[in-house]
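give me a model of this one.
(chains A and B)
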Amino acid sequence: MNPNFSVKAVVSTIVLSLLFLACDEVIEYSPYQNIVKSKWKKQNISNYNKLLPKANEPFTPFRIGLIADSHTYYDEFEKQVEYINTRDDLDFIIHLGDITLSANSREFNWYSDVMNKIKIPVITLIGNHDCLGNGYDIYSEMFGESNFFFEYKDVKFVMFDDIIWEKKVSDPDFEWFDKALVNDSDYKYVLPFAHIPPWDQQFTVGNEFLYNQILLRHNLDLSIHGHGHSYSYSQPYDDVHYLSVPSPERNQLIILDVQPDTIKHEVIKY
Amino acid sequence: MTEKKKNRIWDVLLIGFMMFGAVELKAQADADDSTWVEMPRMLQKAYKERIVVIKNDTITYRHRWFIPGQYKLQYAGSIGLMSIGFGYAITPTYQPALFFGYLSENFGGSKNSVISISLKNSFYFTKQPLFKYFKPYGGLSINWGNTNNTFRRLPDYYPKEYYFQNKVHFYPFLGGELKFAIHNRYFDGVGVYTEFSAMDAYLLEAIRTEYVKPHMALSMAIGVTFYLR
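Purely as a prediction, here's the structure:
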């Protein structure tokens, strides 16, 4: 063996390897790995913090954008992000879940990468696809708790994790939901958000009934969901209005317009 | 069973397997010294002398096809922080290897641990190394991932074909190895390799979308191979 050649070969192999190590994603220990980059940890909390101190101000009318089910529609999602960035009337965005297709680790990274191109803060709910593999734990690392609520200008936003099959549970945590919906601080509105609407096949007849019943108990008029991939606005159980948010491939953006006496919504085709 | 207990069982199984590998290696070494009595009984049986008489010739032989000729240690490559592999040179070009990889919070920094089993089907492009040492190769890996909520068959409560299975994934790969001859009692060669693989799901997104560029689907592995005499 020519010692000079082998030394050269080994050195160039190491240098090449280090070069590739520089682009961080190329080293992957497993597609199921739960390793979240520090800049992307607990983003729901860091993004909410960006809304402060405005979030603590007394109520004034505001508008937010609603998106959902971006899965791996990255090109359509980027187009949506581009459109959102042309508007300056929105305070923040809520993504109603299903940010991945199979909850593989890079899908979470790719979502965070595109989502962070939005100039205003984004709050991300969990979806059923995000619970496959180690998705539930990756979501918790990347965004925070899956059941949470926050206030913004005297409106209480309740984000409910109602995933059943993928989490291998028989019922969502309705006790938490019921407590979270209590208007405990003279909020102007309490708004529930959940990925799966109650009429979906994941809900048993009992769960479907209970979901609507809890909203009635708290005198709520509007419940907002993803999962269906298309826009709808209806009263399937007579009283409460259910708003379904479309996925990015529909080229639509839902604007929620929170007024002093009513909450309106607009469907913008871009 | 709690998650911790499950993890511990996997740890024990993994360590057990590594020890088995070591015993096997030692058994092979001992066999060369004709002191193969110390081998595990199962191997003794398989490795015992067999005699065949063809016309006037008596041929004595021992089976050794079951003893892997290649021992690999790999970093990354989507099958754990580290993985150990056992390879066979079935032909000069087709040389498959079976890998066992591990990833956990203390071993790779993933909050969830993953056990991977991978069948790496490598095909060498040239019979003789290029530039004396370089052997390019490529092929297809079949990787099994064992962690939370992976499944081959959907649990009963899902409607038919609600999800595609997420336990087994295919990874086409390309790589290269620098192989050097060494003078050792047990090994006559050592190789250093680097390879790039792409998971089927990532590859699909790289083809289907503009956002995912081809390089974003790649996963790199670095490893060493020891070739048994």
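
so what does the closest residue to residue A:155 other than its chain neighbours have for phi and psi?
The shortest distance from residue A:155 to any non-neighbouring residue, by CB to CB, 6 or more residues apart in numbering or on different chains, is to residue A:189 (4.7 Å). Where C-beta positions appear, they are placed from N, C-alpha and C, glycine not excepted. When read as degrees, to the nearest 10, the backbone of residue A:189 gives phi -140, psi 150.

would you confirm that residue A:189 contacts residue A:263?
Yes. Using CB atoms under 8 Å, residue A:189 is in contact with residue A:263, at 6.5 Å.

what about the strands in the chain?
You didn't pick a chain, so chain A it is. A:62-67, A:93-95, A:122-124, A:148-152, A:155-160, A:189-194, A:222-225, A:232-234, A:241-244, A:252-258, A:263-269 (DSSP state E).

oops, wrong one, chain B.
Counting by DSSP E, the strands of chain B are B:50-54, B:57-61, B:70-76, B:82-87, B:97-103, B:114-124, B:134-146, B:168-181, B:187-198, B:218-228.

any idea of the angle the fifth one forms with strand B:70-76?
This points to strand B:97-103. Strand B:97-103 runs at 40 degrees relative to strand B:70-76, counting by axes from the mean of the first three to the mean of the last three CA atoms, to 10 degrees.

counting contacts, what elements does strand B:97-103 pack onto?
Applying 3 or more CB pairs under 8 Å, 6 or more residues apart in numbering or on different chains; DSSP states H and E, one finds that strand B:97-103 makes contact with helix B:3-32, strand B:70-76, strand B:82-87, strand B:114-124.

out of the strands of chain B, deepest packed?
strand B:97-103 (a mean of 23; mean count of other CB atoms under 10 Å in any protein chain shown).

so who does residue A:156 touch?
Contacts for residue A:156 were tallied using CB atoms under 8 Å, 6 or more residues apart in numbering or on different chains; they are A:149, A:150, A:183, A:185, A:187, A:189, A:190, A:191.

and the closest residue to chain B within the stretch 101-250 of chain A, what's its pLDDT?
Taking CB to the nearest CB, chain B has its nearest neighbour within the stretch 101-250 of chain A at residue A:134, 4.1 Å off. pLDDT for residue A:134: 96.

tell me the contacts of it?
If you count contacts by CB under 8 Å, 6+ apart, then residue A:134 has A:32, A:33, A:34, A:103, B:111, B:112, B:114, B:147, B:148, B:149 around it.

among those residues, who's most crowded?
residue A:32 (31 neighbours; other CB atoms under 10 Å in any protein chain shown).

just the closest residue of chain B to chain A, please.
residue B:211 (3.4 Å).

measure the nearest residue to that residue once chain neighbours are set aside to residue A:26 for me?
Leaving out its chain neighbours, the residue that sits closest to residue B:211 by CB to CB, 6+ apart is residue A:74, at 3.4 Å. According to CB to CB, to the nearest Å, residue A:74 stands 19 Å off from residue A:26.

quick one: closest of the strands of chain A to residue B:179.
Minimum separation from residue B:179 across the strands of chain A (CB to CB) falls at strand A:122-124, 48.5 Å.

helices or strands next to the closest one in the packing?
helix A:43-51, strand A:93-95.

roughly how far is the longest one from the heart of the chain?
Averaging C-alpha coordinates over helix A:43-51 and over its chain gives two centres that are 13 Å apart (CA atoms, centre = their mean, to the nearest Å).
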